[in-house]
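S.K.: Generate coordinates for the sequence data below:
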Amino acid sequence: MKRRLAATALILMLPLGMAACGSTQSTADACKEIATARDAVLKESESVDISSMDSQQEYADFLTKMTGIYKESAKNVTNKDVKTAFKDVLDDLDKLINLLNTNENASASPDYESIQDNMDTHGEALNNLCGFTWDR
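M.R.: Prediction:
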């Protein structure tokens, strides 16, 4: 009898569980994930003075670490629109890191300005979806 009740309960719960798996993440929840990562990045970078970094490589390493925090949060962003906008920003950061790692004078490269422009555009698109700024 108990087994039959347990089986019935499982059968009744199955559609609820499947509905939960198929549900979509709201824009607000997706943006909350990014905002949490942004706050972690800001906290992590509070003790760092970027202007005093001795080398471009040191800056690239720092940026890689901060981008890693964002990439971890990206795993929890499933809202299609937010995910796409966030991926664009992360791709721009990866391009910047790659440029810093491969070009001794990255800031003089024409690619540097293009990447910065793309970061501005993609960052603004993400901000328009989420309604926050990158500096809190």
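S.K.: Does T67 touch D91 like I think?
M.R.: No - with contact defined as Cβ atoms under 8 Å, T67 does not count as touching D91 (10.4 Å). All C-beta atoms are positioned from the backbone trio N, CA, C, and that covers glycine.
S.K.: More neighbours: which of these two?
M.R.: T67 (19 against 14; other Cβ atoms under 10 Å).
S.K.: if I pick that one, what's in contact with it?
M.R.: Listed by Cβ atoms under 8 Å, 6 or more residues apart in numbering, the contact set of T67 reads 90, 93-94, 97.
S.K.: Buried ones from the residues you listed, can you make that a ChimeraX selection?
M.R.: In ChimeraX, this line selects whichever of the contacts of T67 come out buried by 16 or more other Cβ atoms under 10 Å:
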select :90,93,97
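S.K.: So which of the contacts of T67 belong to helices?
M.R.: Members of the contacts of T67 lying in helices (criterion: DSSP state H): 90, 93-94, 97.
S.K.: Including pLDDT and distance to K32, could these go into TSV?
M.R.: Formatted as TSV, the ones in helices among the contacts of T67 follow (pLDDT from 0 to 100; distance: Cβ to Cβ, whole Å):
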residue	pLDDT	distance to K32
L90	97	17
L93	95	20
D94	97	23
I97	95	26
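S.K.: Assign a three-state SS to V77, would you?
M.R.: Secondary structure for V77, judged by DSSP: H, G, I helix; E, B strand; the rest coil, is coil.
S.K.: wait, isn't it in contact with A35?
M.R.: No - using Cβ under 8 Å, V77 is not in contact with A35; the gap is 11.1 Å.
S.K.: The two: which is more packed in?
M.R.: Remark: of V77 and A35, V77 carries more neighbours, 22 against 16, as counted by other Cβ under 10 Å.
S.K.: got the residue ranges for the helices in this protein?
M.R.: Residue ranges of the helices in the chain, as given by DSSP H, are 2-22, 27-45, 56-74, 80-102, 110-130.
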